[in-house]
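Chemist: quick one, what's the 3D model for this:
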Amino acid sequence: MSLSYYHDRYGLEADGVLHLNDGRYALIEFKLGQTEIDEGAEHLCEIEKLVAMHNENEPQCPLRLPDLKLVITGTEYGYRRDDGVFVIPIGCLKN
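Modeler: Numbering: from 1, shown residues only. Next comes the predicted model:
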């Protein structure tokens with residue numbers, strides 16, 4: 001397992017990309033408050049759309065779509081958004 005950062009020529013970025021040894025990966029954004037969750041989720045969905053567009057344009061060399069999109073927050077509740085992004089309070093990650 002490894003962790004990296006994503007930034008592309010279009011200005012899109014993800015604070016973290018968690019790579020598992022079997023090829024799966026998760027895109028991660030860290031946002032402190034409730035008001036920033038939408039922005040973080042939009043970034044992750046845009047990256048996923050770019051990968052899907054690449055796969056349409058380059059079918060001979062497809063890229064794997066993210067297996068998980070996470071926004072880690074300082075908020076109290078976790079949930080799954082309609083766009084498939086999981087909002088996870090950082091307190092759920094301890095221990």
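Chemist: which SSE is the residue nearest the centre of the chain in?
Modeler: Centroid-nearest residue in the chain, with CA atoms, centre = their mean: Leu27, separated by 2.5 Å. Following DSSP states H and E, the helix or strand that holds Leu27 is strand 25-31.
Chemist: list the contacts of that strand.
Modeler: Around strand 25-31, the neighbours that count as contacts under CB atoms under 8 Å, 6 or more residues apart in numbering are 6, 14-19, 37, 39-41, 43-44, 47-48, 64, 66-74. C-beta here means a position set from N, CA and C on the backbone, and glycine is covered the same way.
Chemist: and with 7 Å instead?
Modeler: Contact partners of strand 25-31, identified using CB atoms under 7 Å, 6 or more residues apart in numbering, comprise 14-19, 37, 40, 43-44, 47, 66-73.
Chemist: separate out the buried members of those.
Modeler: 14-15, 17-18, 37, 40, 43-44, 47, 66, 69-73 (16 or more other CB atoms under 10 Å).
Chemist: and Ser2, what are its bridge partners?
Modeler: His19 (DSSP bridges).
Chemist: close enough to count as contact, it and His19?
Modeler: Yes - Ser2 lies in contact with His19 (CB atoms under 7 Å); the separation is 4.8 Å.
Chemist: coming back round to it: any idea how far the residue nearest to the centre of the chain lies from Pro59?
Modeler: 22 Å (CB to CB, to the nearest Å).
Chemist: I am finished for the moment; much appreciated.
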